[in-house]
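**Student:** coordinates only, no sequence provided:
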Ligand SMILES: C[S@@+](CC[C@H](N)C(=O)[O-])C[C@H]1O[C@@H](n2cnc3c(N)ncnc32)[C@H](O)[C@@H]1O
């Protein structure tokens, strides 16, 4: 409720809304592809954060790497409004926000080999058996992550749920990714990560690389 009120207050301010709308990518009926070079007006490595929440990590990351382009994907309309205003206020030309189910984006809308990194931190675990169907990670989604990353590109993952990590990590390997030694840069920098780290909770993070020599798609 407090979150809804906060989002309504922020979005109700015309100046904040105008700033947020500038950061938002709004797909419509004519747009079936998200084409990063068309959005950013240049060809640069593209990093995507799925379930970006309020953007604590991706805003810092986009500021850190101005030579790369960033898309923050968020499903919740409420959270997206807060995220878009925060991204707009950061004033970064290399960061845009899209409100959609990341499964639609990754499975259907992104071109092959168009992404240089995915960041997926603390996806909702849906622990109850009857809710498992809502989980982000499925073999289909993971195959699409593989299809859409460039050879040599990395998908970074973190979760606070041991059992979920135990499903995700083998799924990534089964899709053709290989485990990389590199630490996941957002594993301790997102909004949820900061809470978990402060509470001393264990987190399970890993990086997965698409081999350079991998074949189509
Ligand atoms: C537990 S929160 C973690 C947020 C952020 N990654 C962090 O670590 O602070 C999960 C986020 O993923 C979003 N989400 C859940 N399913 C999604 C989907 N299918 N596509 C895009 N975002 C999704 C939720 O709305 C929520 O904001």
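**Tutor:** Ah, there it is. Not measured: the values here are computed from a predicted model.
**Student:** up against the ligand, what does the protein have?
**Tutor:** With CB under 6 Å from any ligand atom as the criterion, the chain comes near the ligand at residues 50-53, 73-76, 79, 101-103, 121-124, 136, 190-193. C-betas here are computed from N, CA, C, even on glycine.
**Student:** show me the domain layout of this structure.
**Tutor:** Following automatic domain parsing, the chain resolves into domains at 1-111, 119-125+137-217.
**Student:** now the last one: average pLDDT?
**Tutor:** It stands for domain 119-125+137-217. For domain 119-125+137-217, mean pLDDT is 95.
**Student:** roughly how far does the residue in the chain that the ligand sits nearest to sit from residue 213?
**Tutor:** Nearest residue of the chain to the ligand (CB to the nearest ligand atom) works out as residue 51 at 2.5 Å. Remark: distance between residue 51 and residue 213 (CB to CB, to the nearest Å) = 31 Å.
**Student:** now do residue 56
**Tutor:** 36 Å.
**Student:** residue 88 - how many residues pack around it?
**Tutor:** Look at residue 88: counted by other CB atoms under 10 Å, it has 21 neighbours.
**Student:** should've said residue 79
**Tutor:** A count of nearby residues for residue 79, using other CB under 10 Å, gives 18.
**Student:** the one 4 residues further on too?
**Tutor:** The burial metric for residue 83, expressed as a neighbour count using other CB under 10 Å, is 28.
**Student:** and what of residue 200?
**Tutor:** 6.
**Student:** what of the one 10 residues further on?
**Tutor:** Here the number of neighbours of residue 210 (other CB under 10 Å) works out to 24.
**Student:** the closest residue to residue 35 other than its chain neighbours: what secondary structure?
**Tutor:** Leaving aside its sequence neighbours, residue 35 sits nearest to residue 111 (CB to CB, 6 or more residues apart in numbering; 6.7 Å). Of the three states, residue 111 takes coil according to DSSP: H, G, I helix; E, B strand; the rest coil.
**Student:** touching, residue 111 and residue 37? I think so.
**Tutor:** No: here residue 111 lies out of contact with residue 37, judged by CB atoms under 8 Å, at a distance of 9.7 Å.
**Student:** distance to residue 131 for the domains of the chain - can I get that in a markdown table?
**Tutor:** Compiled in a markdown table, the domains of the chain are given as follows (distance: least, CB to CB, whole Å):
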| stretch | distance to residue 131 |
| --- | --- |
| domain 1-111 | 15 |
| domain 119-125+137-217 | 9 |
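**Student:** what sits closest to residue 68 if chain neighbours are left out?
**Tutor:** residue 45 (4.6 Å).
**Student:** now do the same contact list for the one you found.
**Tutor:** Residue 45 makes contact with 67-69, 116-117, according to CB atoms under 8 Å, 6 or more residues apart in numbering.
**Student:** please, where are all the strands along the protein?
**Tutor:** Listed from the start of the chain, the chain has strands (DSSP state E) covering 24-25, 46-50, 69-74, 95-99, 115-121, 149-159, 178-180, 204-209.
**Student:** great, nothing more from me.
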